[in-house]
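Enquirer: Need a 3D model of the following:
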Amino acid sequence: MKTEIKEAVKNRVTTAFKGVTANDNYSYDRIDFIVDQGELPALLFYMRDQVGFIHMAHATCVDWFEEGKFELSFILWSPTDKFKVFVKTFIDRNNPVMENMDMIWPQLNTYEREFREM
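Expert: All right, here's what the predicted structure looks like:
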């Protein structure tokens, strides 16, 4: 059953967002989507409103110093399907500008403040 859910989610997202890369090489219920920075808000709205990932469980930022970029990851949860999605994007470390995402999930405001302190 989870394999069917994984494939259905992957197909819906990669069909709706042509520039998204999907990684589902996990033995458990998880898919990672990598998206361009400009498409991140649309993808997060889509995941929440159209695909059922209504819970934003966590957000994190990784500093890839040598590569000159930050990796932003948003961990979403579907309570209906009991399934996890990581939505990732990369931003330039020398110009770390990102649109606010707290209009999607208000709790993201706390994470965004922490990111700015990096």
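Enquirer: Show me which helix runs longest in this structure.
Expert: Assignment by DSSP state H gives helix 2-16 as the longest helix of the chain.
Enquirer: which residues touch the helix or strand following that helix?
Expert: Using DSSP states H and E, the helix or strand that follows helix 2-16 in sequence is strand 21-23. Strand 21-23 has contacts (CB atoms under 8 Å, 6 or more residues apart in numbering) with 10, 13, 14, 31, 32, 33, 34, 35. C-betas here are computed from N, CA, C, even on glycine.
Enquirer: ok, strand 21-23: who's next to it in the sheet?
Expert: Strand 21-23 pairs in its sheet with strand 30-34 (antiparallel), by DSSP bridges.
Enquirer: tell me the angle of the strand it pairs with relative to helix 2-16?
Expert: If you take axes from the mean of the first three to the mean of the last three CA atoms, to 10 degrees, strand 30-34 sits at 10 degrees to helix 2-16.
Enquirer: all strands of the chain, in order?
Expert: For the chain, applying DSSP state E gives strands covering 21-23, 30-34, 55-64, 69-78, 83-92.
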